[in-house]
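1. the following block contains a protein sequence and its predicted model.
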Amino acid sequence: MSDALVQARDLRKRFGAFEAVRGIDVDVARGEVFGFLGPNGAGKSSTMRMIACVSPRSGGSLQVLGMDPGSDGPRIRARIGVVPQLDNLDTELSVRENLEIYGRYFGLSRRRVRAKAAELLEFAQLTERAEDPVEPLSGGMKRRLTIARSLVNDPELLLLDEPTTGLDPQARHLLWDRLYRLKREGVTQIVTTHYMDEAEQLCDRLVVMDDGLIVAEGSPVELIERYSTREVLELRFLPEHRPAAGELAGLVERVEELPDRFLLYTADGERAQAEVARSGLRPLSALVRRSSLEDVFLRLTGRSLVD
Amino acid sequence: MAEVTAAVVPAPSASGRVPGRAGGIGIVVEHHWRWYRRNWRATVVSSVLQPLLFLLAFGVGFGALVSGSGRVEVATGGVGYLVWLAPALLAMSAVQSAAFESTYPVLSGFKWQRVYHAMAAGPLSAAQIGLGHLTWIALKMFASGAVYVIVIAVFGGVTGPGVAVSLVAATFTGTAVAALVMAFAATVENEGSAFTGLFRFVVIPMTLFSGTFFPVDRLPAVVRPLAWVSPLWHGTELARSAALGRWQPLAAAGHVAFLLVLLVIGAVLVARQFRRRLTP
Ligand SMILES: Nc1ncnc2c1ncn2[C@@H]1O[C@H](COP(=O)(O)OP(=O)(O)O)[C@@H](O)[C@H]1O
Ligand SMILES: [Mg+2]
């Protein structure tokens, strides 16, 4: 038995003739926050659902907590926590009741779930709303409640599928703060996201997924070092001044042409900007920034992550 | 040294465990009960008021119109129309609420509220989730039926303790219907015309041609076989013979066997369809 909490080899998921996950290898170690970063349709949720033992694999091998989801699904599910992509709270029950009844699914006694619910309400900063029905809560509150709910059985592994999609920035930061706290407490987490900033913020290590395959793996810093330059110069032009990509190519290591701008990859953005000016080009705007996972994704797939 | 052993065999630290087969069903029932405790007011109309209106309209109103003609007593075998009708209404209201409770709420569990998906993320099996909901529907049917029995008694429709067996028969019939409808609802992706079609072409004809308001032998011979395949007819026969104390052992055994087969088929299909839908 390996020490990894999750170990997948050539893992596959087919829906009819369509293969959503096309053979991936994954190892998640105890205590780490592991990410799946990829655009919509990459196969992130399909993978998560196989790990969560609610979707049988179509091929390859998979071990979760040292057990096989195919034969030990209920025993694995008893020991993990799941935050699904789509909320599935019982909106007609109160916030507290949602926590209590969910604990009951895990075979916890009524006394135990009452105590646990009080603790989790504090964690989710929802104590004041405990007796309110879930229906009118904000998206951020519902998401916090879903995360609190997933902790009711003190899970050894927490699966979060797009935990902050659709939330405003403030709600996202509040949520990230809760997830940091869990990380400090040593809870192993697997997160999927199509936001590169979320992956950079949360993940110790991540894989970039595209079209059912893993195209790169590493820590956010490693990935940026390996697949991008230190800095990026973003140039926008008026249509009548827009140069051909070839005119910029000589100035920097690599150029990406997007519909609305050029991305110039270089170790020194300021210097590249000066050279652009010297060569007589007249950009409408020029912005130097550090490379991000977005650039890694663009390099690997030729497409933007968020459309 | 302690560190070494801990790393080699990580002890499970999660507090969750896998509930037993019946225990899991009980937990699902508990969820629905928690919901009911908060929302029972909304369900009173459909579970008590509607059958009460049927009782008033047909048992009392229509009964007064036809009584004294002498022909009613021929059809009912010598008892008043209300007494004859009441146990059948009990069965009919169980089947109607069974059909309702196992359509929209089931689709909601899969699609709108997605509560079934929440349950499936834990150690419960898809079969426990489906059969737990079915058990809840059966318990609720029994409870509303008991209230209905009291209402019928107030109007003088109850003549003896046999009505308790009628209540059990009605619940049994409703549960068999609920299981089949539930298995069907688990395959429905969009409510669209699926449920209205079910009500229009199955449930309503069934309530009209199952011997509730008039004996089946008054139907034209060609449509009589419709009654024989209708679970409500079998339930009505059982409920009525219990209330009126007119047992025919062989016929009763046949009705019970028919409903039991439906219930078992329904339960197996519920387990299968829930598994397909929850763990694709
Ligand atoms: N139950 C299903 N039946 C058929 N196709 C599915 C099903 N679930 C997902 N897919 C398809 O598999 C692909 C990957 O989906 P998903 O895993 O949800 O991607 P992601 O979570 O990365 O957005 C998509 O093309 C999606 O349409
Ligand atoms: Mg997804």
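-> Thanks, I have the structure now. Ligands and ions are numbered 1, 2, ... in the order given.
2. may I have the strands that pair with the helix or strand that contains residue A:263, each with its orientation?
-> Element membership for residue A:263, per DSSP states H and E: strand A:262-266. Neighbouring strands of strand A:262-266 in its sheet, by DSSP bridges, are strand A:231-236 (antiparallel), strand A:254-257 (antiparallel).
3. relative to ligand 1, which of the ones you listed is closest?
-> With respect to ligand 1, and counting by C-beta to the nearest ligand atom, the nearest of those is strand A:254-257 at 23.0 Å. For every residue, glycine as well, the C-beta is placed using N, CA and C.
4. ok so, going back, just name the most buried of the strands paired with strand A:262-266.
-> Among these, strand A:231-236 has the highest mean neighbour count (mean count of other C-beta atoms under 10 Å in any protein chain shown), at a mean of 21.
5. for the following helix or strand past that strand, give the mean pLDDT please.
-> Past strand A:231-236, heading to the C-terminal end, the next element that is a helix or strand (DSSP H and E) is helix A:245-249. For helix A:245-249, mean pLDDT is 87.
6. now helix A:245-249: how far from the chain's centre is it?
-> When C-alpha coordinates are averaged (C-alpha atoms, centre = their mean, to the nearest Å), helix A:245-249 and its chain have centres 34 Å apart.
7. show me what it is packed against.
-> Contact partners of helix A:245-249 among helices and strands, from 3 or more C-beta pairs under 8 Å, 6 or more residues apart in numbering or on different chains; DSSP states H and E: strand A:254-257, strand A:262-266.
8. lowest average pLDDT across those strands?
-> Per-stretch mean pLDDT for the helices and strands packed on helix A:245-249 is lowest at strand A:254-257 (a mean of 92).
9. just to revisit the earlier point, kindly reformat the strands paired with strand A:262-266 as TSV containing distance to ligand 2.
-> Conversion of the strands paired with strand A:262-266 to TSV gives the following (distance: least, C-beta to the ion, whole Å):
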stretch	distance to ligand 2
strand A:231-236	28
strand A:254-257	26
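10. looking at the helices and strands packed on helix A:245-249, which is nearest to residue B:73?
-> Nearest of the helices and strands packed on helix A:245-249 to residue B:73, taken as C-beta to C-beta: strand A:254-257 at 91.7 Å.
11. next structured bit after the strand holding residue A:263?
-> As assigned by DSSP H and E, the chain's next helix or strand after strand A:262-266 is helix A:269-278.
12. what are the contacting residues of that following helix?
-> Taking contacts as C-beta atoms under 8 Å, 6 or more residues apart in numbering or on different chains, the residues outside helix A:269-278 that touch it are A:231-233, A:235, A:248, A:251-252, A:264, A:266, A:283, A:286, A:288-289.
13. between the residues you listed, which is nearest residue A:62?
-> Of all the contacts of helix A:269-278, the one with the least separation from residue A:62 (C-beta to C-beta) is residue A:232, at 37.6 Å.
14. nearest residue to the spatially most central residue of chain B in space, please, no chain neighbours.
-> If you average the C-alpha coordinates of chain B and look for the closest C-alpha using C-alpha atoms, centre = their mean, you land on residue B:174, 2.7 Å from that point. Distances taken as C-beta to C-beta, 6 or more residues apart in numbering or on different chains put residue B:94 closest to residue B:174, at 3.3 Å, once the chain neighbours are dropped.
15. roughly how far does the one you found sit from residue B:130?
-> With distances defined as C-beta to C-beta, to the nearest Å, the gap from residue B:94 to residue B:130 amounts to 20 Å.
16. ok, residue B:187 next?
-> For residue B:187 relative to residue B:130 (C-beta to C-beta), the value is 12 Å.
17. interface residues of chain A facing chain B?
-> With the criterion set to C-beta under 8 Å from any C-beta of the partner chain, chain A comes near chain B through A:3, A:15, A:30, A:52, A:54-56, A:65, A:74-75, A:77-80, A:82, A:84, A:86-94, A:97, A:101-102, A:104-108, A:112, A:153-156.
18. returning to that earlier point: save the helices and strands packed on helix A:245-249 as TSV, and put in distance to residue B:107 too.
-> Putting the helices and strands packed on helix A:245-249 into TSV (distance: least, C-beta to C-beta, whole Å) gives the following:
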stretch	distance to residue B:107
strand A:254-257	46
strand A:262-266	47
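19. including distance to ligand 1, could those go into a markdown table?
-> Below are the helices and strands packed on helix A:245-249 laid out as a markdown table (distance: least, C-beta to the nearest ligand atom, whole Å):
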| stretch | distance to ligand 1 |
| --- | --- |
| strand A:254-257 | 23 |
| strand A:262-266 | 24 |
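20. closest one of the contacts of helix A:269-278 to residue A:191?
-> So of these, ranked by how close each gets to residue A:191 (C-beta to C-beta), first place is residue A:289, at 24.0 Å.
21. show the contacting residues for the residue nearest to residue B:174.
-> Residues in contact with residue B:94 (C-beta under 8 Å, 6+ apart) are B:141, B:145, B:170, B:171, B:173, B:174, B:235.
22. now it: which helix or strand?
-> Counting by DSSP H and E, the secondary-structure element that holds residue B:94 is helix B:81-101.
23. repeat that for residue B:276.
-> helix B:249-278.
24. quickly list what's touching both of residue B:187 and residue B:130.
-> With C-beta under 8 Å, 6+ apart applied, the overlap between the contact sets of residue B:187 and residue B:130 consists of residue B:273.
25. who has more neighbours, those two?
-> Using other C-beta atoms under 10 Å in any protein chain shown, the more surrounded residue of residue B:187 and residue B:130 is residue B:130, with 29 against 12.
26. so where's the stretch 101-250 of chain A shaky on pLDDT?
-> Counting by pLDDT under 70, the stretch 101-250 of chain A has no low-confidence residues at all.
27. which residues in it form helices?
-> Taking DSSP state H, counting those that start in this stretch as the criterion, the stretch 101-250 of chain A contains helices spanning A:110-123, A:139-150, A:169-184, A:196-202, A:220-227, A:245-249.
28. what packs against the fifth one?
-> In this structure, helix A:220-227 makes packing contacts with strand A:205-210, strand A:213-218, helix A:293-301, judged by 3+ C-beta pairs under 8 Å, 6+ apart.
29. which residue sits closest to residue B:32 in space, ignoring its chain neighbours?
-> The shortest distance from residue B:32 to any residue that is not its chain neighbour, by C-beta to C-beta, 6+ apart, is 4.0 Å, and that residue is residue B:136.
30. please read the previous query as pertaining to residue B:191.
-> When the adjacent residues along the chain are set aside, residue B:191 lies closest to residue B:107, with 5.9 Å between them (C-beta to C-beta, 6+ apart).
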